[in-house]
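K.L.:
Below are the sequence and a predicted model for it; my questions follow.
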Amino acid sequence: ERSEDDEAASTLEQARSIVENLGLPSIITDTKGRIQAFNEAAETLLGYAFVDVVGKNVKIIMNKGDAAKHDGYLKNFLLTGEAKIIGSQRKVVSRLKSGTLKPVNLTVTMYGDSEQDALFIGVLWDPTQS
């Protein structure tokens, strides 16, 4: 019989496999906003290595305005299930490791069976490249 921890680990491994093979800059976060996966394309786009960001809040790659609102958005979604960002595409300004701000497109998808143990997959792409 599988425990909840086993199922969560399996879900994370499945999501990591998807992200690693996606070819687009992709980041997986948990329900607390902590980075769980950060693929090579994300490393290239943002300048961070996975070891620099794993376990840290995804706010480190956001501009100050979005970073200040992120935890509130996440908390609201987990409490109400009301998605304001999840499932939609939007333009955001990301903060590179160098500190430079860079406009990117972002889509966030929830992965998992429920909001409480979900993972969130953020896919980024540079709007200046086709």
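P.N.:
Nice, I can see it. Numbering: from 1, shown residues only.

K.L.:
need the strands for this structure, in chain order.
P.N.:
26-29, 35-38, 89-95, 101-111, 119-125 (DSSP state E).

K.L.:
show me the contacts for the nearest residue to residue 63 once chain neighbours are set aside.
P.N.:
In space, and not counting its chain neighbours, residue 63 is closest to residue 93: 4.4 Å by Cβ to Cβ, 6 or more residues apart in numbering. Using the backbone N, CA and C atoms, a C-beta is placed for each residue, glycine as well. Applying Cβ atoms under 8 Å, 6 or more residues apart in numbering, we find residue 93 in contact with 62-63, 66, 101-104.

K.L.:
how does it look with 6 Å?
P.N.:
Residues near residue 93 by Cβ atoms under 6 Å, 6 or more residues apart in numbering: 63, 101, 103.

K.L.:
Pull the number of nearby residues for residue 59.
P.N.:
By other Cβ atoms under 10 Å, the residues close to residue 59 number 17.

K.L.:
so who does it touch?
P.N.:
The contact partners of residue 59, by Cβ under 6 Å, 6+ apart, come to 67, 70.

K.L.:
Return the distance of it relative to residue 20.
P.N.:
23 Å (Cβ to Cβ, to the nearest Å).

K.L.:
Same check on residue 96?
P.N.:
Note on residue 96: its distance to residue 20, by Cβ to Cβ, is 21 Å.

K.L.:
do the same with residue 84
P.N.:
Per Cβ to Cβ, residue 84 is found 28 Å from residue 20.

K.L.:
same thing with residue 85?
P.N.:
Residue 85 sits 23 Å away from residue 20, taking Cβ to Cβ as the criterion.

K.L.:
Which one's more surrounded, the two?
P.N.:
Neighbours around residue 85 and residue 20, counted as other Cβ under 10 Å, are more numerous at residue 85. The numbers are 19 against 13.

K.L.:
wait, isn't the more buried one in contact with residue 108?
P.N.:
Yes: using Cβ atoms under 6 Å, residue 85 is in contact with residue 108, at 5.4 Å.
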